[in-house]
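J.: Any chance you could fold what I've pasted below:
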Amino acid sequence: MNDTNVSRNVSSPRGFRRIAPAFVLFFMSPYVAEYLLGNLSIGAIAAMLIVAPLYGGGAIIIREIARRTGRGWPTIVMLALAYGLFEEGISLQTLFNPDYLGLHLLQQAYVPSLGIGGWWTVYVLTLHVIWSISVPIALTEALFAERRTTPWLGNLGLGVAVILFLIGLVVNHALTGKMEKFSASMLQLGSVAVLIVLVVTMGFWIGRKREIRTGFVPKLWQLGAFTFTLGLLHMRGHLLAQNWALVALLIASLSAAAICLFTWSSRADWTPLHLLSAAAGAAMSYACLAFPQEPSFGAKGTVDLVGNIAFGALAIVLLVVAFRTEKKALPVGRMA
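T.: As a prediction, this is how the structure comes out:
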């Protein structure tokens, strides 16, 4: 997506302020991915120490690589897809496990020749692309708007992020393996590895600078409502369709959203506030869905309800601060 240029002549912050955005993103990613959704209740807050290196480390690496190479959101999105493939295909192996946590995730639109479920593959990879990586990065960049397009870490800091990510992969793989006693075949793992390389390559290819054109760009509230509705549809699409009809519904809605966002973000009237509005709509869909969802880990009942309210309130506060920060950073005349 189009990134409005931000002045790079600001003085370089020192000390903790220099790495503060990366520190925030490290916890923002697991917060959005697991706690805002309600998959982990507030009673499992200690699990943040386990999931943060995986989610947060991955988000930091993706964001730093994209910004260091002068790329924007198309590259971030594709690298997020590669991350999802790595986590679900190689580390946790849920793409191939027919009985992960006893949920029978592969039953919907099962493809015997590949050993995957069509619905689960589309569903879980989308969760990672949008909510595990893209929304946390968009929100964190908005909170630190003056440094939106610049790297946040030096080589040492990036190396630490890589180490944390690898630790997260190993720990989560070990814990899952201990619980599930499942191992994907070498052919399945090799296929995922090849696909990851192809996705990363495509991400750098499509991440080249695009021509800015004139044309329609939705208002901020319209964009937020658009992504909020799509978020609800993605998470509750099974109420409308089943099996391959559900897969077709998800692919159609995701394709439409991708085309719209890609087109709108290449137009002159697109601003960082539009990107933040898109992220806000997606984030709030998660916050709403947390209430009917029962957590996979952590206390249920009243404790879970209190946690959902607290996490939702935190999301609102973060979004308000982010919008104010973005408005201050926008050049005069660029207010949407």
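J.: what helices or strands is the strand or helix carrying residue 234 leaning on?
T.: Assigned by DSSP states H and E, residue 234 belongs to helix 220-236. In terms of contacts (3 or more C-beta pairs under 8 Å, 6 or more residues apart in numbering; DSSP states H and E), helix 220-236 is packed against helix 243-264, helix 272-289. Any C-beta I mention is one placed from the backbone N, CA and C, and that applies to glycine too.
J.: Tell me which helix or strand in the chain has the weakest average pLDDT.
T.: The helix or strand of the chain with the lowest confidence, counting by mean pLDDT, DSSP states H and E, is helix 155-180 at a mean of 92.
J.: tell me what that one is packed against?
T.: So helix 155-180, by 3+ C-beta pairs under 8 Å, 6+ apart, packs with helix 16-30, helix 48-68.
J.: Reformat those into JSON lines and put mean neighbour count next to each item.
T.: JSON lines is the format used below for the helices and strands packed on helix 155-180 (neighbours: other C-beta atoms under 10 Å):
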{"stretch": "helix 16-30", "mean neighbour count": "19"}
{"stretch": "helix 48-68", "mean neighbour count": "23"}
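J.: got a markdown table for those helices, with distance to residue 109 and mean pLDDT too?
T.: Below are the helices and strands packed on helix 155-180 laid out as a markdown table (distance: least, C-beta to C-beta, whole Å; pLDDT from 0 to 100):
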| stretch | distance to residue 109 | mean pLDDT |
| --- | --- | --- |
| helix 16-30 | 29 | 94 |
| helix 48-68 | 27 | 96 |
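J.: Same list (those) but as a markdown table, adding distance to residue 135.
T.: Output for the helices and strands packed on helix 155-180, formatted as a markdown table (distance: least, C-beta to C-beta, whole Å):
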| stretch | distance to residue 135 |
| --- | --- |
| helix 16-30 | 9 |
| helix 48-68 | 10 |
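J.: Check the helices and strands packed on helix 220-236 for me and report the most buried one.
T.: The highest average neighbour count among those, using mean count of other C-beta atoms under 10 Å, belongs to helix 272-289 at a mean of 25.
J.: Grab the CA positions of that one and hand them over as PDB.
T.: What follows is helix 272-289, C-alpha atoms only, in PDB (Å, rounded to 0.1, in the frame of the first residue of the first chain):
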ATOM      1  CA  PRO A 272      -1.600   6.900   6.400                       C
ATOM      2  CA  LEU A 273      -4.900   7.500   8.100                       C
ATOM      3  CA  HIS A 274      -6.600   5.300   5.500                       C
ATOM      4  CA  LEU A 275      -4.200   2.500   6.300                       C
ATOM      5  CA  LEU A 276      -4.800   3.000  10.000                       C
ATOM      6  CA  SER A 277      -8.600   3.000   9.400                       C
ATOM      7  CA  ALA A 278      -8.300  -0.300   7.500                       C
ATOM      8  CA  ALA A 279      -6.300  -1.800  10.400                       C
ATOM      9  CA  ALA A 280      -8.700  -0.400  13.000                       C
ATOM     10  CA  GLY A 281     -11.700  -2.000  11.400                       C
ATOM     11  CA  ALA A 282     -10.000  -5.400  11.300                       C
ATOM     12  CA  ALA A 283      -8.800  -5.000  14.900                       C
ATOM     13  CA  MET A 284     -12.200  -4.100  16.200                       C
ATOM     14  CA  SER A 285     -13.800  -7.100  14.400                       C
ATOM     15  CA  TYR A 286     -11.400  -9.300  16.500                       C
ATOM     16  CA  ALA A 287     -12.400  -7.400  19.700                       C
ATOM     17  CA  CYS A 288     -16.100  -8.100  19.100                       C
ATOM     18  CA  LEU A 289     -15.500 -11.700  18.200                       C
END
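J.: these two touch, right, residue 296 and residue 38?
T.: No - using C-beta atoms under 8 Å, residue 296 is not in contact with residue 38; the gap is 9.2 Å.
J.: Please identify which of these two sits among more neighbours.
T.: residue 38 (26 against 13; other C-beta atoms under 10 Å).
J.: what's near enough to touch that one?
T.: 289, 290, 291, 293, 294, 295, 304, 307, 308, 311 (C-beta atoms under 8 Å, 6 or more residues apart in numbering).
J.: And for residue 193?
T.: residue 90.
J.: Confirm it sits in a helix?
T.: Yes - with DSSP: H, G, I helix; E, B strand; the rest coil as the criterion, residue 193 is part of a helix.
J.: And it, what's its pLDDT?
T.: What the model reports as pLDDT for residue 193 is 96.
J.: same question, residue 4
T.: 44.
J.: okay, the helices and strands packed on helix 220-236 in TSV with distance to residue 114 and mean pLDDT next?
T.: Shown next, in TSV, are the helices and strands packed on helix 220-236 (distance: least, C-beta to C-beta, whole Å; pLDDT from 0 to 100):
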stretch	distance to residue 114	mean pLDDT
helix 243-264	13	95
helix 272-289	29	97
